[in-house]
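Got a predicted structure here, sequence first:
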Amino acid sequence: MHEIGITQNVVAIVAEYANGAKVRRVLLEIGKLSAIMPDAVSFCFDVCSQNTVLEGAILEILQIPGLARCRQCGAEIPLEKPFGVCNCGSKQLDLIAGEELKIKEIEVDEVCV
Amino acid sequence: MCVTCGCSDDAEAKVSNLQTGTVMTIQPVTETHHHHTHVLPDGKVVTHSHSHEPINETHHHTHVLPDGVTHSHSHDINEVSQIHAKIHGRTISLEHEILGKNNLIAAQNRGWFKGRNILALNLVSSPGSGKTTLLTRTINDLKQQLSLSVIEGDQETTNDAEKIKDTGCKVVQVNTGSGCHLDAAMVEQGLQQLNPPLDSVVMIENVGNLVCPALFDLGEQAKVVILSVTEGEDKPIKYPYMFRASEIMILTKIDLLPYVKFDVQRCIEYAKQVNPQIQIFQVSAQTGIGLDNWYEWLSKKAISH
Ligand SMILES: Nc1nc2c(ncn2[C@@H]2O[C@H](COP(=O)(O)OP(=O)(O)OP(=O)(O)O)[C@@H](O)[C@H]2O)c(=O)[nH]1
Ligand SMILES: [Zn+2]
Ligand SMILES: [Zn+2]
Ligand SMILES: [Zn+2]
């Protein structure tokens, strides 16, 4: 469900920026630790974009891997889940990447003379 | 996973045969679109979707102009000369946060609470873990000392709100319908109806769901996750987002420990693994055991937030 709500947000935001122009491509940035599943967003996108300027647009999703910094020793640790243990034994990790949830760019039609 | 729309179930659903060890990924049903994925050298993964409607075969090419703007042409293979250079794609860089609107309203709510010296807590859990029972008991036990009011979130019905109303406390029901979580705008509207007094505590009972409520900031000072001993001790590592986002965890229904297989120590370890800062209270809202620690935390928080 949250994917459908999130995709509706994406469609609404993009349509606003497109300002009536046809949208060809949407590039999203979704962190791997954001609890959002890209496949679910792609699936919802086809449904949510129907009858909008986004209909038929290509959806590209850039997934950013999870990365944390250890509070104890400062090491950077790749993460698959939003928690983990550093080599130094500490579990006090600050997430520094992987929680992104952004519309990076869009491509719209423009007629040139 | 979301029962309401089932979207996520279409996504990375997997079937694991524990006898044979085989794991199969269920592919989402795609009609006109087709997805494929590349892994970039830095570990980023890009998924493209292509429309496979066989209308006209078009051809794209892209070039970067001196001013840094990416320009891409697309033209029909049969009409190259006519169409070429008429329709261009213009790339606009947005960097727009998808949850920006929710987060903005949440920030306004937070300011609204702060200005009135109100402590707002967001109670989250799976369905039926005991949020309403804990809430009614807390209100009854603390109503002499604390001014409490409630925003009740449920998909349907006003059942929980009726139970809260019986305590004599102010309550507003927000029905989310098909939505499986409260969002900041719903809370903003609920607050206008509730009109809580200055220097008070607002309890927001979220929809029973351990996934999406973690993503939506409502403007609360803290999330309180409620877990009951009938749910299994591994919930914190199964739903890490919620346990990470919560400041405290209330392990409830401990009166049932003699009858269920539930390893309290292991549950606490899992919760601390996900969130080393989390504070844990063990209570029974039925017998009242352990509630003093929660009341003490709540009273202190109401003064010092
Ligand atoms: N034994 C025991 N039962 C409890 C306790 N707390 C709640 N229950 C029971 O658990 C059931 C669900 O409790 P609720 O308080 O309605 O749970 P909830 O989290 O508000 O449920 P939803 O709002 O539907 O998500 C009820 O039958 C309660 O009587 C407890 O401490 N001990
Ligand atoms: Zn959902
Ligand atoms: Zn370390
Ligand atoms: Zn309830």
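Looks like it arrived, so ask away. Ligands and ions are numbered 1, 2, ... in the order given.

List the buried residues of the longest helix seen in chain A.
Determined from DSSP state H, the single longest helix within chain A is helix A:2-18. By neighbour count on 16 or more other CB atoms under 10 Å in any protein chain shown, the buried set for helix A:2-18 is A:2-7, A:9-11, A:13-15, A:18. Where C-beta positions appear, they are placed from N, C-alpha and C, glycine not excepted.

quick one: which of those residues is nearest to ligand 2?
Nearest to ligand 2 among those, counting by CB to the ion, is residue A:2 at 3.9 Å.

on that earlier part again, could you dump the buried residues of helix A:2-18 to a markdown table with pLDDT and distance to ligand 3?
As requested, the buried residues of helix A:2-18 are exported to a markdown table (pLDDT from 0 to 100; distance: CB to the ion, whole Å):
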| residue | pLDDT | distance to ligand 3 |
| --- | --- | --- |
| A:2 | 82 | 32 |
| A:3 | 89 | 34 |
| A:4 | 88 | 39 |
| A:5 | 87 | 37 |
| A:6 | 92 | 33 |
| A:7 | 95 | 37 |
| A:9 | 93 | 36 |
| A:10 | 96 | 36 |
| A:11 | 97 | 42 |
| A:13 | 96 | 38 |
| A:14 | 97 | 40 |
| A:15 | 96 | 45 |
| A:18 | 95 | 46 |
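
ok, and of those, which contact ligand 2?
residue A:2 (CB under 5 Å from the ion).

Which members of the buried residues of helix A:2-18 are the farthest-apart pair?
A:2 and A:18 (24.1 Å; CB to CB).

what about the strands in chain A?
A:23-31, A:58-64, A:66-70, A:76-79, A:93-97, A:101-111 (DSSP state E).

what's the residue closest to the geometric middle of chain B?
Centroid check for chain B by CA atoms, centre = their mean gives residue B:213 as the closest residue, at 2.0 Å.

and what of chain A?
residue A:30 (2.4 Å).

So which bits of the stretch 151-300 of chain B are right by ligand 2?
B:180, B:212.

so where's the stretch 151-300 of chain B shaky on pLDDT?
Applying pLDDT under 70 to the stretch 151-300 of chain B flags no residue at all.

and if you look at chain A?
Within chain A, the stretches falling below the threshold (pLDDT under 70) are A:1, A:112-113.

Counting neighbours, what do you get for residue B:164?
Residues within reach of residue B:164, counting by other CB atoms under 10 Å in any protein chain shown, total 25.

tell me the secondary structure for it?
Three-state assignment for residue B:164 (DSSP: H, G, I helix; E, B strand; the rest coil): helix.

Find the residue closest to it in space, skipping its chain neighbours.
residue B:171 (4.2 Å; CB to CB, 6 or more residues apart in numbering or on different chains).

picking up where we left off before, next up, the contacts around the residue nearest to the centre of chain B.
Applying CB atoms under 8 Å, 6 or more residues apart in numbering or on different chains, one finds that residue B:213 lies in contact with B:122, B:124, B:181-182, B:206-207, B:223, B:242.

what about 10 Å?
Taking CB atoms under 10 Å, 6 or more residues apart in numbering or on different chains, we find residue B:213 in contact with A:2, B:122-125, B:153, B:180-183, B:204, B:206-207, B:223, B:225, B:241-242, B:245.

Can you get me a residue count around the nearest residue to residue A:85 once chain neighbours are set aside?
Closest residue to residue A:85 apart from its sequence neighbours, by CB to CB, 6+ apart: residue A:91 at 5.4 Å. For residue A:91, the number of neighbouring residues by other CB under 10 Å comes to 16.

Also residue A:22?
Neighbour tally, residue A:22, other CB under 10 Å: 16.

Would you list the phi and psi of it?
Main-chain dihedrals, residue A:22, degrees, to the nearest 10: phi -80, psi 130.

Same question for residue B:271.
Dihedral angles (degrees, to the nearest 10) for residue B:271: phi -60, psi -40.

Wait, it touches residue B:278, no?
Yes - taking CB atoms under 10 Å as the definition, residue B:271 is a contact partner of residue B:278 at 5.4 Å.

The two: which has the busier surroundings?
A direct count of neighbours by other CB under 10 Å for residue B:271 and residue B:278 places residue B:271 higher, at 25 against 19.
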